[in-house]
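Enquirer: Show me how the following folds:
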Amino acid sequence: MNNISEYFIFFFESVAFFMAIFFFIQYRILKKAEYFFYAVYLLLLSVYYLLAIPEFFFGISQDDQAAIADFNLFKRTVQFLISFFYSLFVIYYLGLKQRSRPLYLIFRYLLLLYILLSLACLAGNFFNLKYDPVYYVIGMLLFPLQLYVVTALFKYKVPYSVYVIWGSIILLVGSIISLLLSLYLVKNPGGMITNDNSYIPVMISILLDIFLFTVALQRKIADNEKSLINAAHSRQQAVILERERIIADLHDDIGAGLSSIRMMSDLMAQQQLENNQSVPVNFSQKISTTTKEIALRINTIIWSLNEENDTLQNFSEYVRLFGISFFENSPIKFQCTISANLPLQATLTGVQRKNLFLIVKEALHNILKHSGASSATLFIKMENKLLCIEMADNGTGIKNLNSFGNGIKNMKKRVYEIQGNIYFKSENGTHIKMEVPIH
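Expert: Numbering: from 1, shown residues only. As a prediction, the model looks like this:
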């Protein structure tokens, strides 16, 4: 039996030490604090048992009180430091600060308690105070507190906590058994229970806890890898979708414009050959106008793809300048108002920016072409965490939605694509309101 105990203790020390090195390496690779705290916890465990059973590791006699006192000076201090770093590991591994504020506060108080007990034991040993009864009472009182923390972990259902919970339960059981054995040893010295044997139950529970955490670590790494793969796939799909959008925009907008220029150029050349006349002015104006529209469309596509334009401040200013330029040589007086409550540093995605702008552009085009209005307004504001864009004119209003062709259909399609809503009202002119959620 003694040989088996000796082999087991050496095995435990080897596992604890090498697993501490393993988690230090994990910390260096992953830069996650929980692995560092778990490595320190395991390293302190190795040190603790060197201090707790010096007769086993260093061949010191139990009768050599002076030598034993040197080891006891730090033994209980290290014991509470072990609990301190294990609690830090639980806090960071389960992300309690973000996931469960009540549990996080409980653990913070536990950390403070462990530090105070560690310092108290160090001071008591240094001044050679007899505090064993107090130590055992505090040890027994800590068990129900730790048990409450474990049951609280069950209650809050923190991800991956099941492994920590069962590891903690096993540790509590092992620690209670070892504490009872140590109390028996104090009352019955020289009996069948020796100092080194009294630590066997807690050592077994620690090995089981290491095993459970290793399983939890592999599970968490696997889940993280799965999340990264899914995120990469989503990004790839987003890139493909954006490429398709660009291709469609280039085909529909730029292609149509270039076709118009080509047709007008052909007509100009044909008319010049037939009539032997100079180029008609109206064709030149049409070519100039079409070229200007193509340049604007290209600029819009580039602007929508540039991440530097993600803020609401940039978007609202771009829309305002576009509206002023759009109505510059028209009889319509245009005014754009940007609300003071607009969070200018809030961001939009490229898809949101492009669709919102094209909807505004279509609405302004309809005002200029169909409304017969003398004034138009654009108002950008926030309402109930929704970005609201309102456009209005004092024209004839919308008599028949179908009279605007595909314009309004496209506006509805674009706003639904960004999970927004659009409303039309025809009363003393046309009023259009868009609502889009932003984060």
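
Enquirer: now the strands for this structure?
Expert: Using DSSP state E, the strands of the chain run over 333-338, 375-383, 386-393, 421-426, 430-437.

Enquirer: Can you tell me which of these is nearest to Pro133?
Expert: strand 430-437 (63.5 Å; Cβ to Cβ). All C-beta spots, glycine's among them, are computed from the backbone N, C-alpha and C.

Enquirer: How is this structure partitioned into domains?
Expert: Listed domain ranges for the chain are 2-234, 307-439 (source: automatic domain parsing).

Enquirer: now the first one: how far from the chain's centre is it?
Expert: Per Cα atoms, centre = their mean, to the nearest Å, the displacement of domain 2-234 from the mean C-alpha position of its chain is 30 Å.

Enquirer: again, but for the last one
Expert: Averaging C-alpha coordinates over domain 307-439 and over its chain gives two centres that are 33 Å apart (Cα atoms, centre = their mean).

Enquirer: any low-confidence regions in the stretch 301-439 of the chain?
Expert: Counting by pLDDT under 70, the stretch 301-439 of the chain shows low-confidence ranges at 301-309, 399-406, 439.

Enquirer: where do the helices sit along it?
Expert: Remark: helices assigned in the stretch 301-439 of the chain by DSSP state H, counting those that start in this stretch are 312-326, 350-366, 407-417.

Enquirer: Spatially nearest residue to Val215 (excluding sequence neighbours)?
Expert: Distance criterion Cβ to Cβ, 6 or more residues apart in numbering; nearest residue to Val215, sequence neighbours excluded, is Tyr163 at 6.3 Å.

Enquirer: What score does that neighbour have for pLDDT?
Expert: pLDDT, Tyr163: 79.

Enquirer: residues in contact with Val186?
Expert: Counting by Cβ atoms under 8 Å, 6 or more residues apart in numbering, Val186 touches Asp132.

Enquirer: Met203 versus that one, what's the distance?
Expert: 20 Å (Cβ to Cβ, to the nearest Å).

Enquirer: ok, back up a step: I'd like to know which of the strands of the chain is closest to Leu51.
Expert: Of all the strands of the chain, it is strand 430-437 that lies closest to Leu51, at 59.7 Å by Cβ to Cβ.

Enquirer: Longest helix in this protein, by number of residues?
Expert: The longest helix of the chain (DSSP state H) is helix 200-249.

Enquirer: between that one and helix 350-366, how many degrees?
Expert: Taking axes from the mean of the first three to the mean of the last three Cα atoms, to 10 degrees, one finds that helix 200-249 is oriented at 30 degrees with respect to helix 350-366.

Enquirer: Just name the most buried of the strands of the chain.
Expert: Of all those, strand 386-393 carries the top mean neighbour count, a mean of 21, counting by mean count of other Cβ atoms under 10 Å.

Enquirer: That strand packs against which elements?
Expert: In terms of contacts (3 or more Cβ pairs under 8 Å, 6 or more residues apart in numbering; DSSP states H and E), strand 386-393 is packed against helix 350-366, strand 375-383, strand 430-437.

Enquirer: ok, it: who's next to it in the sheet?
Expert: Here strand 386-393 has these sheet partners by DSSP bridges: strand 375-383 (antiparallel), strand 430-437 (antiparallel).

Enquirer: Show me what that strand is in contact with.
Expert: With contacts defined as Cβ under 8 Å, 6+ apart, strand 386-393 is touched by 312, 319, 332, 348, 356, 359-360, 363-364, 367, 371, 373, 375-382, 429-438.

Enquirer: Gln419 versus the residue nearest to Val215, what's the distance?
Expert: Taken as Cβ to Cβ, the span from Tyr163 to Gln419 is 38 Å.

Enquirer: cool, and Pro54?
Expert: In terms of Cβ to Cβ, Pro54 sits 68 Å off from Gln419.

Enquirer: which one of the two has more residues nearby?
Expert: Pro54 (21 against 10; other Cβ atoms under 10 Å).

Enquirer: dump the residue contacts of that one.
Expert: Shown in contact with Pro54 (Cβ under 8 Å, 6+ apart): 60, 67-68, 71.
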